[in-house]
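**Student:** I'd like to go over a predicted model; first the sequence, then the structure.
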Amino acid sequence: MANERMDGAWTPYVAWMKHAPAIPNNLMGSNLLPCTVEDLPGVRERLELDAFHEEGYPPLLEAIGKRYQFPVDRIALATGASGANFIAGGALLEAGDEVLVERPVYDPLLGIPRFLGARIRRFDRVFDDGFQVDPDRVAAALTPKTRLIILTNLHNPTGARTSAERLLAVGELADGVGAKVLVDEVYLDSVGGDPSPPAASLSPTFVSTSSLTKAYGLSGLRAGWILAAPEVAEGCRRVRDLVDGVGVFPSELMALVAFENLPALRARARGILDPNFELLTRFVESRPDLLWVRPRGGSVGFPKIPGLEDVSAFVEILRTDYETGVVPGRFFEAPSHFRIALGGKRDVLETGLHRLGEALDKELTG
């Protein structure tokens, strides 16, 4: 069935994460270490409970537009990137439509079209090609019935970055069958250097979603947005009428303050991610029992254990016997891999990597 649930949930990964037991060396999450109120200068003095924001707080829309050089009629707000992806899916799909989804996949992006009653086809992003989007693989999976292509940039869970050239090639394929391309870009701002332009700036075929969570450490605001052609953005607003009506005004006001302070928030993020990335890279690349595609950014890595078809049992031993948590790759349809967080406290990462090394030595090569 097109809308069949797996493991009793529309998104088994999210359900699993919500109920994961507390653990001393928690390397399961993907969020950046959370900001505090002090990271948003002046927000206490400016905080109000309500103001006009029926389609989103106008100053916030203008701030997002300034950041991306987009007119506000091409911007729709949502509750986090998760809400943005759901609303965009609701605006772009009808029951029975055909959707093409990448694999490995962040499983809510599979759950959304399944929930909406779409028919799902897949294209693969393979390890030996650095998990890149291969337009030839997309073309081979595309049919005249395809109405939406869903992918992530940076790729969740591997951190692979898709170039504008590859995106444009996918866009041309989509144009050929009258489809749109939804690109979840929630990790894209975590790449070092100048901020990258969104896919939605390439052509009206693309719809970009993002939030202030992964790259900026503001998960608690649930501040997400959609960038799209005006008619698609309007469709997203009308879908939101059904989902939650309007956003939470204090969150939108604090998100505005965040946009006013993006350079400082980006510098804070780099201060967390850069040293943690170096630490994780040294660990993974020193281990003959691990392989990975080095992430281009983001707050996670996705190593694999060669010769181990499914790491789930090892991940459970790591949790129970070594007090260290990572996410088994089965949740991303890559069971020989595991996802490990690098956006948290350095001491937790250091201890967790030490315990992971002990587990690899004893449990797999012992």
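**Tutor:** Perfect, I can see it now. Numbering: from 1, shown residues only.
**Student:** now the helix or strand bottoming out on mean pLDDT in the chain, how far from the centre of its chain.
**Tutor:** Lowest mean confidence among the helices and strands of the chain (mean pLDDT, DSSP states H and E): helix 43-46, at a mean of 90. In this view, helix 43-46 has its centroid 30 Å away from the chain centroid, taken as Cα atoms, centre = their mean, to the nearest Å.
**Student:** identify the residues contacting that helix?
**Tutor:** Defining contact as Cβ atoms under 8 Å, 6 or more residues apart in numbering, one finds that helix 43-46 is touched by 37, 253, 254, 257. All C-beta atoms are positioned from the backbone trio N, CA, C, and that covers glycine.
**Student:** isn't the third one up against residue 221?
**Tutor:** Spelled out, it's residue 254. Yes - the pair residue 254 and residue 221 qualifies as a contact (Cβ atoms under 8 Å) at a distance of 5.6 Å.
**Student:** for the chain, give me the ranges with low pLDDT.
**Tutor:** Confidence mapping of the chain against pLDDT under 70 gives the ranges 1-8, 366.
**Student:** go again using 50 as the cut-off
**Tutor:** For the chain, the stretches with pLDDT under 50 are 1-5.
**Student:** strands of that one, start to end?
**Tutor:** Assigned by DSSP state E, the chain shows strands spanning 25-26, 75-79, 98-103, 119-124, 146-152, 180-184, 206-211, 223-227, 300-301, 324-325, 327-328, 338-341.
**Student:** can I get these in JSON lines including distance to residue 246 and mean neighbour count?
**Tutor:** Compiled in JSON lines, these are given as follows (distance: least, Cβ to Cβ, whole Å; neighbours: other Cβ atoms under 10 Å):
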{"stretch": "strand 25-26", "distance to residue 246": "34", "mean neighbour count": "21"}
{"stretch": "strand 75-79", "distance to residue 246": "9", "mean neighbour count": "26"}
{"stretch": "strand 98-103", "distance to residue 246": "28", "mean neighbour count": "22"}
{"stretch": "strand 119-124", "distance to residue 246": "31", "mean neighbour count": "16"}
{"stretch": "strand 146-152", "distance to residue 246": "26", "mean neighbour count": "24"}
{"stretch": "strand 180-184", "distance to residue 246": "23", "mean neighbour count": "27"}
{"stretch": "strand 206-211", "distance to residue 246": "17", "mean neighbour count": "27"}
{"stretch": "strand 223-227", "distance to residue 246": "14", "mean neighbour count": "28"}
{"stretch": "strand 300-301", "distance to residue 246": "32", "mean neighbour count": "26"}
{"stretch": "strand 324-325", "distance to residue 246": "36", "mean neighbour count": "23"}
{"stretch": "strand 327-328", "distance to residue 246": "33", "mean neighbour count": "24"}
{"stretch": "strand 338-341", "distance to residue 246": "33", "mean neighbour count": "26"}
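**Student:** how about the spatially most central residue of the chain, nearest residue that isn't a chain neighbour?
**Tutor:** By Cα atoms, centre = their mean, the chain has its centre lying nearest to residue 186, at 4.7 Å. In this structure, residue 186 finds its nearest non-sequential neighbour in residue 81, 4.2 Å apart by Cβ to Cβ, 6 or more residues apart in numbering.
**Student:** nothing else from me, thank you.
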